[in-house]
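Student: no sequence on this one, just coordinates:
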């Protein structure tokens, strides 16, 4: 191979890497539309860069999934319950309340839903709703009183007289 041809190949690889890295910068910023645009351009411009093409195709799939996520269809009590707990664990309290309320509509006597609603409303700093759901949960199953006494999310409520009455810790 001549030095001239090797220089052209090296320049082409350097350009391909720069184009790929530009797409990756957008990806790391979670700008999936810009990433997809940059990767599509990259794929058209540098079809000879097999190793980078394979990676680019993987990122194209990831971007497409982010740009058009699958809709989850929630129907059953379990669907709403699990989704609500997921949002609660993610710190997405408004979404958690919405999902848990729908689960509660489906099974109003489910103590665990009432307990999680109490927990969610505690995070939303709605003490009145929190205590109301906690009271209902404990009425259905006294073991929720023990859980509440040991729940770190309820630490601030331990000084509250109504909380103490509900959990019998006065």
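Tutor: Right, received. Where do you want to start? Quick caveat: nothing in here was measured; it's all calculated off a predicted structure.
Student: and the spatially closest residue to residue 151 that is not a sequence neighbour, what pLDDT?
Tutor: Leaving aside its chain neighbours, residue 151 sits nearest to residue 119 (7.0 Å; criterion: CB to CB, 6 or more residues apart in numbering). Yep, even glycine has a C-beta here, placed from its N, CA and C like the rest. Residue 119 is assigned 96 on the pLDDT scale.
Student: neighbours of residue 119, how many?
Tutor: 24 (other CB atoms under 10 Å).
Student: helix/strand/coil for it?
Tutor: At residue 119, secondary structure determined by DSSP: H, G, I helix; E, B strand; the rest coil is helix.
Student: if I read this right, it contacts residue 147, doesn't it?
Tutor: No - the pair residue 119 and residue 147 fails to qualify as a contact (CB atoms under 8 Å) at a distance of 9.5 Å.
Student: what touches both of the two?
Tutor: Listed as contacting both residue 119 and residue 147 by CB atoms under 8 Å, 6 or more residues apart in numbering is no residue at all.
Student: now stretch 45-54: buried residues?
Tutor: Applying a neighbour-count criterion of 16 or more other CB atoms under 10 Å, one finds 46, 49, 52-53 buried in stretch 45-54.
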